[in-house]
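Asker: give me coordinates for this.
(2 chains)
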There are 2 protein chains.
Amino acid sequence: MKNLIADINKAFENRVRLGIMSILMVNDWVDFGELKEMLDLTDGNLSSHISALEKEKYIQIRKAFIGKRPNTSFQATTEGKQAFQEHLNALEALIKGM
Amino acid sequence: MKNLIADINKAFENRVRLGIMSILMVNDWVDFGELKEMLDLTDGNLSSHISALEKEKYIQIRKAFIGKRPNTSFQATTEGKQAFQEHLNALEALIKGM
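Answerer: Residues are numbered from 1 along each chain as shown, chains lettered A, B, ... in the order given. Down below sits the predicted model:
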């Protein structure tokens, strides 16, 4: 029996990361404040998951200025989008397999 | 905007727990050896997630003897089945929402 959970990607297990990737799958660049609000998170919580996803090269970060204010925004990489789609397919297979 | 991930249950985030609950949703009693094989896990890994799910009252444990050999098996509780279904619905909503 094929291992039920082998294709589920540990990098996306956490629900915060599920939320971040879901948003970045359907949006181009999304900034820190928007993600924080959409997912109702603290700065620290969001930052830690962002770093983890960046380390896996699943998201990329852009630092810019809007007027005089620094602004950090994020985009899913092609690799990230593909890996997340595979993760979703594995979740759907698990759900449908029941 | 309703928090995208609010209904995702932290108790089921880990893929091992996703696997355990998926199996117990469609089987009555499943023993330790069967779960371990189906999910390709070590004793220690499986035990730690089983205890966590038991603490949440999402599964119940039965200890019996098969011949002279002790046998431990598990069953999802009604509460566990309901909570897991809600978790799956939230995952599906997240996936479909994209």
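
Asker: distance-wise, check residue A:45 relative to residue A:86.
Answerer: Spatial separation of residue A:45 from residue A:86 under the definition C-beta to C-beta, to the nearest Å is 25 Å. Backbone N, C-alpha and C define where each C-beta goes, glycine included.

Asker: next, residue A:20: secondary structure please.
Answerer: Under the three-state scheme (DSSP: H, G, I helix; E, B strand; the rest coil), residue A:20 adopts helix.

Asker: how about the residues of chain A near chain B?
Answerer: Residues of chain A lying close to chain B (C-beta under 8 Å from any C-beta of the partner chain) are A:1, A:3-6, A:8, A:10, A:13-16, A:18-19, A:22-23, A:25-26, A:38-40, A:88, A:91-92, A:94-95, A:97-98.

Asker: buried subset of those residues?
Answerer: Among these, those scoring as buried are A:4-5, A:8, A:13-16, A:18-19, A:22-23, A:38-39, A:88, A:91, A:94-95 (criterion: 16 or more other C-beta atoms under 10 Å in any protein chain shown).

Asker: for chain A, what helix or strand is lowest in average pLDDT?
Answerer: When the helices and strands of chain A are scored by mean pLDDT, DSSP states H and E, helix A:78-96 comes last with a mean of 91.

Asker: what about that one, distance to the chain center?
Answerer: Here helix A:78-96 is found 12 Å from its chain centre; the criterion is C-alpha atoms, centre = their mean, to the nearest Å.

Asker: same thing with stretch A:77-91?
Answerer: Offset of stretch A:77-91 from its chain centre (C-alpha atoms, centre = their mean): 10 Å.

Asker: and it, what's buried?
Answerer: For stretch A:77-91, burial by neighbour count (16+ other C-beta under 10 Å) applies to A:77, A:80, A:81, A:83, A:84, A:87, A:88, A:90, A:91.

Asker: how close does the second one get to residue B:75?
Answerer: Distance from residue A:80 to residue B:75, counting by C-beta to C-beta: 38 Å.

Asker: and for the first one?
Answerer: When distance is defined by C-beta to C-beta, residue A:77 is 43 Å away from residue B:75.

Asker: with the third one instead?
Answerer: According to C-beta to C-beta, residue A:81 and residue B:75 sit 39 Å apart.

Asker: now stretch A:37-53: buried residues?
Answerer: A:38, A:39, A:41, A:46, A:49, A:50, A:52, A:53.

Asker: with adjacent residues omitted, what lies nearest to residue A:4?
Answerer: Once flanking residues are discounted, residue A:4 sits nearest to residue B:19: 5.0 Å by C-beta to C-beta, 6 or more residues apart in numbering or on different chains.

Asker: surely the one you found and residue B:39 touch.
Answerer: Yes. Applying C-beta atoms under 8 Å, one finds residue B:19 in contact with residue B:39, separated by 4.7 Å.

Asker: mind listing the shared neighbours of the two?
Answerer: Residues within reach of residue B:19 and of residue B:39 at once, by C-beta atoms under 8 Å, 6 or more residues apart in numbering or on different chains, are A:4, A:5.
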